[in-house]
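Enquirer: my questions are about this predicted structure, shown below with the sequence.
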Amino acid sequence: MEAPTTSLSLPWKTRIFLYLFNTVTYAAIRPDGTVNRRLFNFFFFRIPPESKPINGVKTYDVVVDPTRHLWFRVFVPTEDAIEDVPLIFYFHGGGFAFLAPNVKQYDVVCRRMARKVAAVVVSVDYRLAPEYRYPVQHDDCFEVMKFLDVEENRLKWLPENVNVSRCFLAGDSAGGNIAHHLAQRSCEFNFQLLKVIGVVAIQPFFGGEERTNSEKEHDGNHLSLSRTDWYWNVFMPEGEGYNRDHSIINVSGPKAMDISKMDFPTTMVVVGGFDLLQDWQKRYYEWLKKSGKEAYMVEYPNMCHGFYAFPELPESEQLMSDVKDFVHMVLKKTTN
């Protein structure tokens, strides 16, 4: 692993995008705490699915429930078709309040993952805070899993060579939070077809009442404490006395669920050395190990929060290789 540097160094292209993202999200947050969606979408426009393969991957969208605007985008690799292709459910980041599967950055991330891993990726468009608060985001994503657990829907909407008993839950930031909690739910839910065998938590969005050393040291390296506090405030239900030690936020804290007796899937935790959330992510990894679960932590010491979205970064490409290795390792163990 490359030795860590003492200061964050990124290419100008990456810096410009991060500056634009932070500027636009700040501008889109109104004084009353609501979000100006029209302003945000003007800069981060949506792109349609593409039935003609681009970089070896074709895409199409599936509507689960039009009344809730619940849908997902399917990414299908078209090169080197094989049998028993794994299925990856992907949950996007954005603090539960921004972004979507059809925003260019996430279309690219999932396209790269489908091609690199040789897996079909289902990227879920869950409803966003503050218009919709917890548990809507987690419920929406779980509804998509249940939708594809129905044989008729699986046959209609997934390629024939997908093996839904070889499922992975993956997500970045807020999506990493969702991936963990849906893995817990999956352990307690009687799926008929689906079987979750792995979790890929990419810089998962966890927190707590305590201010950790990494939060103090890396405040402002793309992500700030004021921003994470805002995300949690608009995500959690109003008037219920919730704080950041709630188990949905502080997953390994004083109110953590006991997963020691659960058949919790093998988990890969991705950590960035300049991410203010890294202490919470490392505690999560340690909690999984203490709970007797198989877990692996992969560190990128010179990367900030969100580095995976930038193909120009060598670490972003390395992450895709590491995800591929993890998925294939878990598949091999489950097959043997």
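Expert: Good, I have the coordinates.

Enquirer: all contacts plus neighbour counts: C-alpha atoms, from now on.
Expert: OK.

Enquirer: so for the host helix or strand of residue 114, mean pLDDT?
Expert: Per DSSP states H and E, residue 114 falls inside helix 104-117. Per-residue pLDDT over helix 104-117 has a mean of 97.

Enquirer: and the strands in the stretch 201-336 of the chain?
Expert: Under the criterion DSSP state E, counting those that start in this stretch, the stretch 201-336 of the chain carries strands at the ranges 266-272, 295-300.

Enquirer: report the buried residues of the first one.
Expert: What it means is strand 266-272. Applying a neighbour-count criterion of 16 or more other CA atoms under 10 Å, one finds 266, 267, 268, 269, 270, 271, 272 buried in strand 266-272.

Enquirer: would you map the helices across the chain?
Expert: 12-28, 37-43, 104-117, 136-148, 151-157, 174-188, 213-217, 225-235, 278-290, 314-335 (DSSP state H).

Enquirer: could you pull up the contacting residues of residue 330?
Expert: Residues in contact with residue 330 (CA atoms under 8 Å, 6 or more residues apart in numbering) are 197, 198, 266.

Enquirer: for these, which one is nearest residue 110?
Expert: Distance to residue 110 across those (CA to CA) is lowest for residue 198, with 17.0 Å.

Enquirer: can you give me every residue that contacts residue 117?
Expert: Residue 117 neighbours (CA under 8 Å, 6+ apart): 320, 321, 323, 324, 327.

Enquirer: any of those buried? List them.
Expert: For the contacts of residue 117, a burial check counting by 16+ other CA under 10 Å picks out 320, 323, 324, 327.

Enquirer: my guess is the third one meets residue 116, correct?
Expert: Yes. Contact status for residue 324 versus residue 116: in contact at 6.6 Å, counting by CA atoms under 8 Å.

Enquirer: just want the most central residue of the chain.
Expert: Closest to where the C-alpha atoms of the chain average out (CA atoms, centre = their mean) is residue 171, at 1.6 Å.

Enquirer: quick one: that residue from residue 113, how far?
Expert: 11 Å (CA to CA, to the nearest Å).

Enquirer: for residue 246, same thing?
Expert: Counting by CA to CA, the gap from residue 246 to residue 113 is 32 Å.

Enquirer: in CSV, list the helices of the chain along with distance to residue 307.
Expert: Formatted as CSV, those follow (distance: least, CA to CA, whole Å):
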stretch, distance to residue 307
helix 12-28, 9
helix 37-43, 20
helix 104-117, 11
helix 136-148, 23
helix 151-157, 31
helix 174-188, 14
helix 213-217, 17
helix 225-235, 17
helix 278-290, 13
helix 314-335, 6
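
Enquirer: ok, so what distance separates residue 172 from residue 8?
Expert: Distance, residue 172 to residue 8, by CA to CA: 20 Å.

Enquirer: of the two, who's got more company?
Expert: residue 172 (26 against 15; other CA atoms under 10 Å).

Enquirer: I'd say that one and residue 206 touch.
Expert: No. Contact criterion CA under 8 Å: residue 172 and residue 206 do not qualify, at 11.2 Å.

Enquirer: where does the stretch 51-200 of the chain have low pLDDT?
Expert: Across the stretch 51-200 of the chain, the ranges flagged by pLDDT under 70 are 81.

Enquirer: touching the longest strand along the chain from outside, list them.
Expert: For the chain, the longest strand by residue count, based on DSSP state E, is strand 162-172. Residues outside strand 162-172 that contact it (CA under 8 Å, 6+ apart): 83-93, 120, 176-180, 182-183, 193-205, 306, 327, 331.

Enquirer: then stretch 280-298?
Expert: So stretch 280-298 is contacted by 203-207, 212, 250-252, 258-260, 264-271 (CA under 8 Å, 6+ apart).

Enquirer: give me the buried subset of these.
Expert: The neighbour-count test (16+ other CA under 10 Å) marks 203-207, 250-252, 264-271 as buried among the contacts of stretch 280-298.

Enquirer: tell me how far stretch 276-287 lies from the chain's centre.
Expert: 16 Å (CA atoms, centre = their mean, to the nearest Å).

Enquirer: of the contacts of strand 162-172, just the buried ones, ChimeraX syntax please.
Expert: To isolate in ChimeraX the members of these that are buried, counting by 16+ other CA under 10 Å, one can use:
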select :85,86,87,88,89,90,91,92,93,120,176,177,178,179,180,182,183,194,195,196,197,198,199,200,201,202,203,204,205,306,327,331
